[in-house]
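>>> I need the structure of the sequence given here:
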Amino acid sequence: MSEAPVVEAQTSIDISEILLRIPHRYPFLLVDRAEDYRQGESIVGIKCVTINEPFFQGHFPEYAVMPGVLIVEAMAQTGAVLMSKSLNVDRAGKTILFTSLDNCRFRQPVRPGDVLRMNVRVVRARGGLFKFEGKALVGDKTAAEAEFAAMLVETP
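Next comes the predicted model:
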């Protein structure tokens, strides 16, 4: 008698699913794909940073550096993808909003050509409120780290 095949849970999320899960669009969508999704636990968001990003035109144009607040936003969007998929959120009438930011530190600049990896882990989840720890890395170097929270809210 043969055994049923073991089906592993999907751990990667492509751009098509990201567009279904969060409302952000160009030029403010800061997650290209995600890997290592673990329902209700963690995710790794990926942002391929290019010189074509609109913020580079005015943010240190002689030495292009990704604004730190956008690195934090990329971590928050990664957390929103994790929340949306974990809770199986129907975006009709609901959205996920960033609610707090604590212990944010910027460690090194992010430049064109870098691949930014946002490691986001759930610290606490209660209903539609999630608290996260996030670390944004370029290679093995930390670019930024923060604790943040988001909540699921009804929208008109």
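>>> which residues sit in contact with the residue nearest to G68 when sequence neighbours are not counted?
Among residues not flanking G68 along the chain, F106 sits closest, at 4.7 Å (CB to CB, 6 or more residues apart in numbering). For glycine as for every other residue, the C-beta is placed from the backbone atoms N, C-alpha and C. Residues near F106 by CB atoms under 8 Å, 6 or more residues apart in numbering: G68, I71, A143, A144.
>>> which of those residues sit farthest apart?
G68 and A143 (8.6 Å; CB to CB).
>>> if you count what's nearby, which of the two comes out ahead?
The neighbour comparison of G68 against A143 (other CB atoms under 10 Å) goes to A143, with 24 against 18.
>>> Can you tell me the centre-most residue of the protein?
T78 (1.5 Å; CA atoms, centre = their mean).
>>> Where does that residue sit: helix, strand or coil?
Secondary structure state of T78, per DSSP: H, G, I helix; E, B strand; the rest coil, is helix.
>>> So it versus I43, what's the distance?
Per CB to CB, to the nearest Å, T78 is found 6 Å from I43.
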